[in-house]
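K.L.:
sequence first, predicted coordinates after that:
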Amino acid sequence: MGIVNRRNAVLGWGIWQVGKGLAKRKAKSAASPSGHSKKSWLAVGLAGTIGALTFWRKHRDSDTT
């Protein structure tokens with residue numbers, strides 16, 4: 001009887017599936033504990049837009065001189 005057999009493979013697969021589910025649940029609860037994810041996405045989007053506009057403006061000003 002080898003160490004790699006069908007019973008051990010099925011057992012390992014089941015443990016892997018349960019572990020993945022637990023890890024996903026833990027990550028989801030850690031990411032947004034009180035539902036403030038919309039505010040953070042809004043802040044990131046606003047900062048990105050301001051940065052892009054600033055870059056575009058400076059790039060445009062350097063082309064005209």
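P.N.:
Yep, that arrived.
K.L.:
where in the protein is pLDDT low?
P.N.:
Where the chain drops to pLDDT under 70, the residues are 1, 31-37, 63-65.
K.L.:
so what are the domain limits for it?
P.N.:
1-31, 34-65 (automatic domain parsing).
K.L.:
dump these to JSON lines, plus mean neighbour count.
P.N.:
Where C-beta positions appear, they are placed from N, C-alpha and C, glycine not excepted. JSON lines is the format used below for the domains of the chain (neighbours: other Cβ atoms under 10 Å):
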{"stretch": "domain 1-31", "mean neighbour count": "9"}
{"stretch": "domain 34-65", "mean neighbour count": "9"}
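K.L.:
centre of the chain to the helix ranked longest in the chain, how far?
P.N.:
When the chain is parsed with DSSP state H, its longest helix is helix 37-64. Per Cα atoms, centre = their mean, to the nearest Å, the displacement of helix 37-64 from the mean C-alpha position of its chain is 22 Å.
K.L.:
same question for stretch 49-65.
P.N.:
Using Cα atoms, centre = their mean, the offset of stretch 49-65 from its chain centre is 30 Å.
K.L.:
repeat for stretch 3-22
P.N.:
With Cα atoms, centre = their mean, you get 26 Å for stretch 3-22.
K.L.:
alpha carbons only: can I get that stretch in CSV?
P.N.:
Extracted in CSV, the C-alpha atoms of stretch 3-22 (Å, rounded to 0.1, in the frame of the first residue of the first chain):
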residue,chain,number,x,y,z
ILE,A,3,1.3,6.6,0.6
VAL,A,4,-0.5,8.1,-2.4
ASN,A,5,-3.8,6.3,-2.8
ARG,A,6,-7.3,7.3,-3.6
ARG,A,7,-8.4,7.6,0.0
ASN,A,8,-5.6,10.0,0.9
ALA,A,9,-6.1,11.9,-2.3
VAL,A,10,-9.8,12.4,-1.6
LEU,A,11,-9.1,13.3,2.0
GLY,A,12,-6.4,15.9,0.9
TRP,A,13,-8.7,17.3,-1.6
GLY,A,14,-11.5,17.8,0.9
ILE,A,15,-9.2,19.4,3.5
TRP,A,16,-7.9,21.7,0.7
GLN,A,17,-11.5,22.8,-0.2
VAL,A,18,-12.5,23.5,3.4
GLY,A,19,-9.2,25.4,4.0
LYS,A,20,-9.8,27.5,0.9
GLY,A,21,-13.3,28.4,2.0
LEU,A,22,-12.1,29.3,5.5
